[in-house]
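*Asks:* Got a predicted structure plus its sequence, pasted below:
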Amino acid sequence: MDESDESLEQIGGEQEPDLQKIANEINQANSDAGIYGPRIAQSRSWWQCEWPGLSPDGRMWRSCTGRESFPWDGCSDSRPRTVSTIIQEHTMICLTAFWSAKVQAKSAPGRQFAHGREVNLTQKMLNWCVYTQMKRELLSELPLAFNWKFGYGLSFIGIEWEQQRELTEVPISMEVLSALSQAMGVTDLVPSIMDRNRSSDGGLIRMLQMISPILPTGDGSKILTQLRNTGSAAIPVATMRVNKPRWTALRPFVDLWFPSETVDIQHARWTARRELVNEAELTDRIATDGYDDKFVAAALEHKGQFMGIVPQNSYATYSIGSDRDMVELFHFRARVLDNGVPCLYKTVLNMAVIGDNLYACHRKDEYEHQQQPFVALRRRGPFKPILSAQGIAEEAYTDEIDIKRQQDGLNNRTDIIHQPPMITTPNRANALANSYGPRSVMTSLRPDAVIFPPLPPMDQTPVLVMQFVMSRLNRRYPTTNAGDVDPQLVGMYRQHLATEILSELELALEQTLQLGDQYWTDQEWMAVTGNPKPQKSEMEIQQQYSVTATVDMSLIDPETSKAKLDMLAALMPFKDAGGMIFNAAANIVDTDLADQLTQDQMSPTALKQETDDEFNAWGQIGGGIVPQKPMMANNQLRLQTIQQQILTQPQVQQRMAMDQQFAALAQDRIQFFQNQIQQYQVNPQIGRALSTQPFTQAQAPNVTNAQAAA
């Protein structure tokens, strides 16, 4: 363990944090990742087609570049935007996968049956939270995160809980105060309020401040006066205006810092989340987050003064633009020893005031899931550290340059065709300058004084080169059926992208659910699920549920969906076959479906449900009612239940012998299951056997002349 590890492990709950060591950690990580900033800056230029000296009109001028323009001043400087298109296609596929995904909350092993109803309610709450409550912000944050992932190779999503208060005026009256006094178990406040001597005003104001902690003492006196004069008043109460999870797209070493050799953000030694807040937000956190009031006052004196670490490592002291009124905070999280046990601690600080040894808070992280509230979205790079991830812009920029070179050549040749250069005598050069064009007049003393040089030779090479480069890119990133790309390869690539992004977001969904279990109010839970909210301990929040997100990208195509429905219909006859036949048929349709159906058929719950349903059906037969015939039941199990468990009972045997109506209904049900087995299990096997065993000469049946003629 190096010296920095030991220093961080000493900032647990028993000691004050060493703010200077925390600042040194952040600065050191920023220095270690110095090469990452220029890489991202260059990738951004490739992504946006920003070449040196680029002019808005798509032309290259010597005055812009400061160097000789090739092949001439004002030549083509096109923006193919090939890389941008590929990145956008990847982002679109991932967004489609997320909004089409099937998100499921699953309980821990061994708890499925005991907590089945609670899992369903939790599933309903999670879907409402993600796809309804957070939908507006996800529409903006997810495209940013996905764009940065595919453009730069790495991005993060921060999963935090957002709470905002607002001030509301709540009317109160003498009757309300009497009821509150009774509920609080104190003496009725009304007689003391009506006392004209005002001898109890101090105690009454303290009682009102128990109802509304934000009520100033001076305003309390005014409220008492209004109650005495009119019998009613309005008391200010702080209510929760926003109480929901929030996903935020984050950039490495712009919004989030971590050790440069980090492989998994969940196992990072520490993380530092940069946040900008205004004065009102920072002041409100004294009440909502327990920030130190001295720290808040000192931090507000340094509005707009930032640490200045950005990807390019330019150490500016002050902000630019409207951020000059914002306060910079760093949320530093590190897993340290607290009473000898590793624990995630959070320290909130401002770099400008660490010299005064002031910090907002230093405590065990308030999120009870005890995980880093960040999820890395990463493209695979050549090495394990997440900063080694390479974006599409870094991989494909040379292909875009190849296309740009050919496109510029075609544009320049078009310019020559429409405005060819002229060759004339020196004394006529000034007279003919800038005169060529539609409806222009050109004069010459001699017909041969002005000539046009021959056009350069032209063939299909530029177009073929561009097609070849695009074909190469389509093979490397097969997002569409362009060119000669195999459609099956496109489908597999789309599914791979969807599976990868959803597997990364599963942790974000799981943390969202855990935060919801911690912060959802009883009223919110009741409004969405219609049931009381279950109370959970910190251990239950950490271990009770896991979340899965799956999607079948092939079903986005209507034709594919229709084909799959046809395959499911063709699968049904194999249902009663069971065993290897059913599994083989189901795996052809969908491997996941095969697993689910097999589990459903073989699970104790499914078997018990089939058995109980058959017993209920025979109870209806006993009452003279014809029960419904299940078309998709486990016919073999049902018939076995009838023969071994129902008909063996003495009272059933006696009634079968004495009650003809009962016997007829019973025999009809038995015959139904026998017919089902014959149709879906026996007949297909006979058909297959006969079709593979043709008659021999000896086995051929005799055919009469009449039959032969027919």
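*Replies:* Thanks, I have it.
*Asks:* Now do the same contact list for the closest residue in space to Arg39 that isn't next to it in sequence.
*Replies:* Nearest residue to Arg39, sequence neighbours excluded (Cβ to Cβ, 6 or more residues apart in numbering): Glu394, at 7.0 Å. (Glycine included, C-beta is placed from N, CA and C.) Glu394 makes contact with 39, 42-43, 46, 152-153, according to Cβ atoms under 8 Å, 6 or more residues apart in numbering.
*Asks:* name the element Glu394 belongs to?
*Replies:* helix 392-418 (DSSP states H and E).
*Asks:* need the strands for the stretch 351-500 of the chain, in chain order.
*Replies:* Applying DSSP state E, counting those that start in this stretch to the stretch 351-500 of the chain gives strands spanning 361-364, 374-378, 423-424, 450-451.
*Asks:* Parallel or antiparallel, list what pairs with the third one.
*Replies:* Same thing as strand 423-424. Strand pairing for strand 423-424, using DSSP bridges, gives strand 450-451 (antiparallel).
*Asks:* Which residue lies closest in space to Met326, excluding its sequence neighbours?
*Replies:* Once flanking residues are discounted, Met326 sits nearest to Leu276: 4.1 Å by Cβ to Cβ, 6+ apart.
*Asks:* buried ones in the helix or strand harbouring that neighbour?
*Replies:* Assigned by DSSP H and E, Leu276 falls within strand 270-277. Within strand 270-277, the residues scored as buried using 16 or more other Cβ atoms under 10 Å are 270-275.
*Asks:* To Gly53, which of the strands of the stretch 351-500 of the chain lies closest?
*Replies:* strand 423-424 (30.4 Å; Cβ to Cβ).
*Asks:* Mean confidence (pLDDT) on that closest one, please.
*Replies:* The average pLDDT within strand 423-424 is 71.
*Asks:* Then stretch 252-260?
*Replies:* Mean per-residue pLDDT for stretch 252-260: 93.
*Asks:* Equivalent analysis for stretch 621-640, please.
*Replies:* 84.
*Asks:* could you dump that stretch to PDB, C-alpha only?
*Replies:* Extracted in PDB, the C-alpha atoms of stretch 621-640 (Å, rounded to 0.1, in the frame of the first residue of the first chain):
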ATOM      1  CA  ILE A 621     -68.100 -31.500 -12.300                       C
ATOM      2  CA  GLY A 622     -69.400 -32.600  -8.900                       C
ATOM      3  CA  GLY A 623     -71.800 -29.600  -8.900                       C
ATOM      4  CA  GLY A 624     -73.100 -30.500 -12.400                       C
ATOM      5  CA  ILE A 625     -71.100 -27.800 -14.200                       C
ATOM      6  CA  VAL A 626     -69.100 -28.500 -17.300                       C
ATOM      7  CA  PRO A 627     -65.600 -27.000 -16.600                       C
ATOM      8  CA  GLN A 628     -63.700 -25.100 -19.200                       C
ATOM      9  CA  LYS A 629     -61.300 -27.200 -21.300                       C
ATOM     10  CA  PRO A 630     -57.700 -25.800 -21.200                       C
ATOM     11  CA  MET A 631     -56.200 -25.700 -24.700                       C
ATOM     12  CA  MET A 632     -52.700 -25.000 -23.600                       C
ATOM     13  CA  ALA A 633     -52.400 -27.100 -20.500                       C
ATOM     14  CA  ASN A 634     -49.900 -29.800 -19.600                       C
ATOM     15  CA  ASN A 635     -52.200 -32.600 -20.800                       C
ATOM     16  CA  GLN A 636     -50.000 -35.400 -19.700                       C
ATOM     17  CA  LEU A 637     -49.800 -34.000 -16.100                       C
ATOM     18  CA  ARG A 638     -53.600 -33.400 -16.000                       C
ATOM     19  CA  LEU A 639     -54.400 -36.900 -17.100                       C
ATOM     20  CA  GLN A 640     -51.900 -38.400 -14.700                       C
END
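*Asks:* still on that earlier bit, just the strands of the stretch 351-500 of the chain: most buried one?
*Replies:* Neighbour counts (mean count of other Cβ atoms under 10 Å) averaged over each of these peak at strand 374-378, with a mean of 23.
*Asks:* Can you mark which positions in the longest helix seen in the chain are buried?
*Replies:* Longest helix of the chain, by residue count under DSSP state H: helix 487-519. For helix 487-519, the neighbour count (16+ other Cβ under 10 Å) marks 490-491, 493-495, 497-498, 500-502, 504-517, 519 as buried.
*Asks:* what does stretch 158-171 contact?
*Replies:* So stretch 158-171 is contacted by 212, 214, 232-248, 250, 255-256, 273, 284, 287-288, 367, 373-375, 508, 511-512, 515, 518-519 (Cβ under 8 Å, 6+ apart).
*Asks:* Only the buried members of those residues: can you turn that into a ChimeraX selection?
*Replies:* Selection of buried members from those for ChimeraX, criterion 16+ other Cβ under 10 Å:
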select :212,233,235,237,238,243,244,245,246,247,248,250,255,256,273,284,367,373,374,375,508,511,512,515,519
